[in-house]
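Undergrad: structure for this input, please:
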Amino acid sequence: MGFGGMFKKLTVFAVMVTIMATSVAAQPKPGCQSHCGNIGIPYPFGTRKGCNIGSDFFINCNTSFNPPKAFLSDTEIEVLNISLDDVCNNVSDVINGSCSGIGCCQTAIPRGLQAYFFDFSSSRNHSSVLTFNPCSYVFIVEDGAYTFSTSDLSNLDFNKREYPLILDWTIGNQTCEEAKMDPKNYACKQNSACMDPESGPGYLCKCNHGFQGNPYLSIGCQDINECETLKPCNESGTCHNTLGSYNCSCPEGFKGDGQKNGTGCSPKPRRDNFSILVVALGIGLSIGLLFLIFGVGWLYRILQKRKYIKIKQKLFERNGGLLFQKKTSSNEGRLDKAELFSSKELEIATDQYNENRILGCGGQGMVYKGMLSDGRIVAVKKSKTVNEGYLEQFINEIFILSQIDHRNIVKLLGCCLETEVPLLVYEFIPNGTLSHLIHDENEEYPRSWDIRLRIAAEVASAISYLHSSASIPIYHRDIKSSNILLDEKFRAKVSDFGTSRSISIDQTHLTT
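TA: The predicted model follows:
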């Protein structure tokens, strides 16, 4: 774009806008007018609200002309064409015409220019003329659209002529980085990129490499099938179109990139029979070695699994499993209610018996908090030692607790006998022991006489049940505050039946 000046009359007149556009990009918004006369109107321009990106992109289609003419917004600037491509890239694009400074001069308008001022002066003295009749004028014109003629200097109607000019346009006044922060109003759609123009504020959109179309419309940028348009692969290669690109491949027995401008496709050198034999033998040995390693590993795992099963069986027997099975088969003490847990299940429940899960430590073992796979919260009692005298005591606790069904006696859920030390699984009682309640100075725990009296009555009720109401009378033999647990409502739960004894109904004494 440039401007020319001639020594005549200074004037500004209506001009026409022209932009060279490619047909593939001239796409309007769906449902909007695509042409005004012979002029295509691509989005973000449009002839009505909703069809353009903003009021600055409004095209007034005047149908009083035949064919209709397009004007920019509400001005008298006629639009000759609209392009979505960047125009007037730099000053080097401007080619000086015949205006070389004699009677007419011209210069390029640089990018980003916001205003241009003209000043005419003479180096020689001239007679003054009337102020309404200046001796010079200036106009803006598209580069190459005007050719200077000496007759223009004396043509009084020259200022009435119309010449085209090219106007740059951008979206808004934000940079690409700023526009991307507002996705709702961001104009660049799928498969397009944002560009910051050199001409000033705002931004433009361009389809990505390998795509063509209107970048301002949803799915406006369509994939280019380079296999059909470029035919980039040589005769032996096969072209595969991909989204935004392509690739070439060579047929079997050939090597290379398959491209016309690349290495192409050339036959692979044939191998002799000895080379083929060596390769086949190497592959066979590798596969055989792989199977051998896999077989040895599989056999090792089987042997380890059998060894693990045998160890668990020995532990089960050592921990009183045979006695447990004997009582279960005879249904003595209703042991069918006690669940037999696996060691793996309890390891997972207690996080490998993590120290953070310890609830307490008694004379016979450690108690851990755990959560079973079904979501139940439990207390897992892990014995300290294993000896013949304790095994009978341990099975005895299972035997006794499996008979008890009382709200003030802790409930036994089951046991595990396949570990180094036997395990008992109880219901979880959340508020610790009565000893803790009595001796802890924490004021959050209630210590009213009503609560103490109720706890005493509940313990007495449990003992009375054990002595008088159980099918076989049971003597606990170790009632103390540390063996009395408290639930969430501070109700008493008698626990630790390891030293308990059951007696016949007609027996009145038990020697300890």
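Undergrad: give me the phi and psi for residue 344.
TA: The phi/psi pair for residue 344 (degrees, to the nearest 10) reads phi -60, psi -40.
Undergrad: residue closest to the middle of this protein?
TA: Taking Cα atoms, centre = their mean, the centroid of the chain lies closest to residue 183, which sits 18.1 Å from it.
Undergrad: how far away is the closest residue to residue 192 other than its chain neighbours from residue 188?
TA: Leaving aside its sequence neighbours, residue 192 sits nearest to residue 215 (Cβ to Cβ, 6 or more residues apart in numbering; 3.5 Å). The C-beta positions use only the backbone N, C-alpha and C, and glycine is treated the same way. Distance, residue 215 to residue 188, using Cβ to Cβ, to the nearest Å: 6 Å.
Undergrad: residue 31 now?
TA: Residue 31 is 21 Å from residue 188, by Cβ to Cβ.
Undergrad: so between those two, which is more surrounded?
TA: residue 188 (21 against 7; other Cβ atoms under 10 Å).
Undergrad: quick check, pLDDT for the more buried one.
TA: Turning to residue 188, the model gives it a pLDDT of 95.
Undergrad: in contact with it, which residues?
TA: Residue 188 makes contacts with 179, 194, 203, 205, 215-216, as judged by Cβ atoms under 8 Å, 6 or more residues apart in numbering.
Undergrad: make a markdown table out of those residues and add secondary structure and neighbour count.
TA: Listed next are the contacts of residue 188 as a markdown table, based on DSSP: H, G, I helix; E, B strand; the rest coil; neighbours: other Cβ atoms under 10 Å:
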| residue | secondary structure | neighbour count |
| --- | --- | --- |
| 179 | helix | 21 |
| 194 | strand | 19 |
| 203 | strand | 22 |
| 205 | strand | 24 |
| 215 | coil | 27 |
| 216 | coil | 23 |
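Undergrad: relative to residue 168, which of the residues you listed is nearest.
TA: Among the contacts of residue 188, residue 203 lies closest to residue 168 (Cβ to Cβ), at 12.2 Å.
Undergrad: wait, the closest one sits on residue 176?
TA: Yes. Contact criterion Cβ atoms under 8 Å: residue 203 and residue 176 qualify, at 4.9 Å.
Undergrad: you'd agree residue 29 is in a helix?
TA: No. Going by DSSP: H, G, I helix; E, B strand; the rest coil, the assignment for residue 29 is coil, not a helix.
Undergrad: list phi and psi for the residue nearest to it when sequence neighbours are not counted.
TA: Spatial nearest neighbour of residue 29, excluding adjacent residues (Cβ to Cβ, 6+ apart): residue 43 at 4.4 Å. Dihedral pair for residue 43: phi -70, psi 140, per degrees, to the nearest 10.
Undergrad: just the pLDDT for residue 43.
TA: pLDDT, residue 43: 91.
Undergrad: try residue 35
TA: For residue 35, the pLDDT comes out at 93.
Undergrad: strands of the stretch 401-512 of the chain, start to end?
TA: Using DSSP state E, counting those that start in this stretch, the strands of the stretch 401-512 of the chain run over 412-416, 423-427, 474-475, 484-486, 492-494, 501-502.
Undergrad: would TSV of those strands with distance to residue 143 be doable?
TA: Below are the strands of the stretch 401-512 of the chain laid out as TSV (distance: least, Cβ to Cβ, whole Å):
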stretch	distance to residue 143
strand 412-416	93
strand 423-427	93
strand 474-475	112
strand 484-486	96
strand 492-494	99
strand 501-502	114
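Undergrad: wait, doesn't residue 165 sit right on residue 142?
TA: Yes. Assessed by Cβ under 8 Å, residue 165 is found in contact with residue 142 at 5.1 Å.
Undergrad: the residue nearest to residue 29 contacts residue 32, doesn't it?
TA: Yes. Between residue 43 and residue 32 there is a contact at 7.3 Å, judged by Cβ under 8 Å.
Undergrad: which of these two has more residues huddled nearby?
TA: When neighbours are counted by other Cβ under 10 Å, residue 43 comes out ahead of the other of residue 43 and residue 32, with 25 against 17.
Undergrad: so where's the stretch 1-150 of the chain uncertain?
TA: 1-26, 85-86, 88-98, 100-103, 112, 120-135 (pLDDT under 70).
Undergrad: one more time with 90
TA: Along the stretch 1-150 of the chain, segments meeting pLDDT under 90 span 1-29, 49, 54-56, 72-78, 80-150.
Undergrad: quick one, what contacts the residue nearest to residue 192?
TA: Residue 215 makes contact with 84, 188-189, 191-193, 205-207, 221, according to Cβ under 8 Å, 6+ apart.
Undergrad: any idea how far it is from residue 43?
TA: According to Cβ to Cβ, residue 215 stands 10 Å off from residue 43.
Undergrad: name the residues that touch the helix or strand hosting residue 370?
TA: Assessed by DSSP states H and E, residue 370 sits inside strand 365-371. Defining contact as Cβ under 8 Å, 6+ apart, one finds that strand 365-371 is touched by 346, 349-351, 353-354, 357-361, 377-384, 421, 428.
Undergrad: which among those count as buried?
TA: Buried members of those, counted by 16 or more other Cβ atoms under 10 Å: 346, 349-350, 353, 357, 359-360, 378-383, 421, 428.
Undergrad: need the overlap of contacts for residue 203 and residue 176.
TA: By Cβ under 8 Å, 6+ apart, the residues touching both residue 203 and residue 176 are 194-196.
Undergrad: what about the helices in the protein?
TA: For the chain, the helices defined by DSSP state H cover 176-179, 226-229, 273-318, 321-329, 343-349, 388-401, 434-439, 449-464.
Undergrad: shared neighbours of residue 43 and residue 32, which are they?
TA: residue 51.
Undergrad: quick one: the strands in the stretch 51-200 of the chain?
TA: Taking DSSP E, counting those that start in this stretch, the strands of the stretch 51-200 of the chain run over residues 59-62, 69-72, 78-79, 104-108, 137-141, 164-165, 192-195.
Undergrad: for the fifth one, the distance to its chain's centre please.
TA: A distance of 57 Å separates the C-alpha centroid of strand 137-141 from that of its chain, computed with Cα atoms, centre = their mean, to the nearest Å.
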